[in-house]
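Trainee: let me see the structure of the following:
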Amino acid sequence: MLQSDVLAIVYNFFGPYQLARLAATTQLAKKNGWRVVGIEYASRWLFHPWERKPLPPELELHTLFPHKAIHEVGRVDLFRGMWSRLHDLQPIALALSHVKCPAMIAAMAWGRLKKRIIVNLADSKHDDSPRYYAKEWLKRQVYGRVFDAALVSGTLSKDYIHHLGIPLQKIFRGCDVVDNRYFSRQAEWARENADRLREQYRLPKNYFLAVSGFIEKKNISRLLQAYAQYADKLRENAWALVICGSGLLESRLKEEARQLSLQQVHFTGYQQIDTLPFYYGLSRVFIIPSSHSEQWGLVVNEAMASGLPVLVSKACGCAPDLVQDGVNGFTFDPRDVEGLVRLMLKISSGAVDLGAMGEASRKVIAGWSLETYAQNLFKAVEAGLTRK
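Mentor: Residues are numbered from 1 along each chain as shown. Alright, predicted model coming up:
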């Protein structure tokens, strides 16, 4: 090994998810004599308007272009900025996500030139975008030569990354995790203070919850159609639908809800991590209706850590790993509006033990923790050493 054992974790932006993973990895690294650094491109990402609080002193995060948003930085500048920062830090190992970006290409090139260990952080799966033979062939040549190991989200991602040329024994799970303890604790606090919070946030007593960006692949339009049929069948006994999020389709979705006369649909706007657990804690059931391009679905992790039953689209990458049908929730075809209606009716009928399902969610998600991420990332680094 090099004298300075530095692990660099590279994301385009460190939001709450990535910062929690960086903290867990930093904590574990101290026990093994490693130094962990995070590297991000810029200080803002408009796709996710996360607010960042001051970082604790033990976290080392390098921002290539402070005071800029990612889209404001040119491709050449991203490449040069990453190369220069890696030259300064001299990490022995790199953990890289979103490998199409110029900054990630720079990191891959620098890592191979310097004979460093390179771990792919991946949640892609076979069906999350159109796959073309020539492009897939080229990717297999790159992945097999560049990456020494991988930390993937789950079963579907493992299959795809192995298809691209990384040996199964060098692929580990746990790339997509959240701070389970935080969401569990905050959701319980919300339940203990339910009356005050319902009044403050104007939330109904019983509601389905969706947390989503308002873009096509999130499939919120079909969720509204399903809810319209559900509400029409139950009338005054129907649970409400609360949707947290924002995005390009916000105006269109609100207009759809208006045209469908959905009086019990509540659009809350984008919720930061400080308030989001309150919506989980006061909800009865979580729904994610995403289409085929949903690589994982981290909001399912959040909902399960908060103790909720989940209704999860079969197109979500997390479905095979996190949802046990009839135990902690149900899966459904995102194109089948009537099928989702039937599940909503079943869930709200009293025929399902929602409390038992919520507890089952907690047990399942316990295996997908920040500690899982940190431990398996170092396992991937160790697996990568064999190539050297």
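
Trainee: any idea how this protein splits into domains?
Mentor: 6-177+369-385, 180-365 (automatic domain parsing).

Trainee: so how far is the first residue of the shortest one from its last?
Mentor: Counting by CA to CA, to the nearest Å, you get 8 Å between the two ends of domain 180-365.

Trainee: where's it relative to the chain centroid, distance-wise?
Mentor: 16 Å (CA atoms, centre = their mean, to the nearest Å).

Trainee: part of a helix, is residue 341?
Mentor: Yes: the assignment for residue 341 by DSSP: H, G, I helix; E, B strand; the rest coil puts it in a helix.

Trainee: tell me how far it lies from residue 313.
Mentor: Plainly put, residue 341 is 14 Å away from residue 313 if you go by CB to CB, to the nearest Å. C-betas here are computed from N, CA, C, even on glycine.

Trainee: more neighbours: those two, which one.
Mentor: Under the criterion of other CB atoms under 10 Å, the comparison of residue 341 against residue 313 puts residue 313 first, with 28 against 20.

Trainee: do you know how far that one is from residue 210?
Mentor: 11 Å.

Trainee: shared neighbours, these two?
Mentor: By CB atoms under 8 Å, 6 or more residues apart in numbering, residue 313 and residue 210 have these common neighbours: 288-289.

Trainee: show me the shaky parts of the protein.
Mentor: Applying pLDDT under 70 to the chain flags residues 1-4, 387-388.

Trainee: got the residue ranges for the strands in it?
Mentor: 6-10, 35-44, 61-69, 93-96, 117-122, 149-152, 171-173, 207-211, 240-244, 265-269, 285-288, 310-313, 329-332 (DSSP state E).

Trainee: please name whichever of the ones you listed is nearest to residue 217.
Mentor: Relative to residue 217, the nearest member of the strands of the chain by CB to CB is strand 310-313, separated by 10.3 Å.

Trainee: what's next to the closest one, contact-wise?
Mentor: If you take CB under 8 Å, 6+ apart as the criterion, strand 310-313 is touched by 208, 219, 285-291, 294, 297, 300, 303-304, 318-319, 322-323, 328-334, 340, 343-344, 347, 361.

Trainee: try it again at 7 Å.
Mentor: Residues outside strand 310-313 that contact it (CB atoms under 7 Å, 6 or more residues apart in numbering): 285-290, 294, 297, 300, 303-304, 318-319, 323, 328-332, 334, 343, 361.

Trainee: again, but for stretch 285-294
Mentor: 127-129, 208-210, 217-220, 222-223, 297, 299-300, 303, 308-313, 315-317, 334, 340, 347, 354.

Trainee: and stretch 340-351, by the same measure?
Mentor: The contact list for stretch 340-351, computed with CB under 7 Å, 6+ apart, reads 208, 226, 229-230, 233, 239, 285, 289, 309, 311, 330, 332, 352.

Trainee: could you export those residues as a markdown table, including distance to residue 83 and neighbour count?
Mentor: Below are the contacts of stretch 340-351 laid out as a markdown table (distance: CB to CB, whole Å; neighbours: other CB atoms under 10 Å):
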| residue | distance to residue 83 | neighbour count |
| --- | --- | --- |
| 208 | 48 | 25 |
| 226 | 49 | 24 |
| 229 | 55 | 16 |
| 230 | 54 | 22 |
| 233 | 59 | 12 |
| 239 | 53 | 21 |
| 285 | 48 | 24 |
| 289 | 41 | 26 |
| 309 | 48 | 27 |
| 311 | 45 | 25 |
| 330 | 48 | 22 |
| 332 | 46 | 26 |
| 352 | 55 | 17 |
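
Trainee: residue 320: how many residues sit nearby?
Mentor: With other CB under 10 Å as criterion, residue 320 counts 12.

Trainee: residues touching it, list them.
Mentor: Residue 320 makes contact with 154-156, according to CB under 7 Å, 6+ apart.

Trainee: pull out the buried residues from these.
Mentor: Neighbour counting over the contacts of residue 320 (16 or more other CB atoms under 10 Å) leaves 154, 156 as the buried ones.

Trainee: turn the contacts of residue 320 into CSV, columns for distance to residue 167.
Mentor: Below are these laid out as CSV (distance: CB to CB, whole Å):
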residue, distance to residue 167
154, 18
155, 17
156, 18
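
Trainee: from the contacts of residue 320, which is closest to residue 272?
Mentor: residue 154 (26.5 Å).

Trainee: isn't the closest one up against residue 173?
Mentor: Yes: if you go by CB atoms under 7 Å, residue 154 and residue 173 touch, sitting 5.8 Å apart.

Trainee: what sits against residue 295?
Mentor: When the contact criterion is CB under 7 Å, 6+ apart, the partners of residue 295 are 123-125, 128, 153, 317.

Trainee: could you check how far it is from residue 318?
Mentor: For residue 295, the distance to residue 318 - CB to CB - is 9 Å.

Trainee: please name the residues that touch the residue nearest to residue 8 when sequence neighbours are not counted.
Mentor: Leaving aside its sequence neighbours, residue 8 sits nearest to residue 91 (CB to CB, 6 or more residues apart in numbering; 4.0 Å). Residues counted as contacts of residue 91 (CB under 7 Å, 6+ apart) are 6-8, 116.

Trainee: count of neighbours near residue 52?
Mentor: For residue 52, the count of nearby residues is 13 (other CB under 10 Å).

Trainee: got it, and residue 339?
Mentor: 14.

Trainee: may I have the beta-bridge partners of the residue nearest to it when sequence neighbours are not counted?
Mentor: Distances taken as CB to CB, 6+ apart put residue 332 closest to residue 339, at 5.2 Å, once the chain neighbours are dropped. With DSSP bridges as the criterion, residue 332 is bridged to residue 313.
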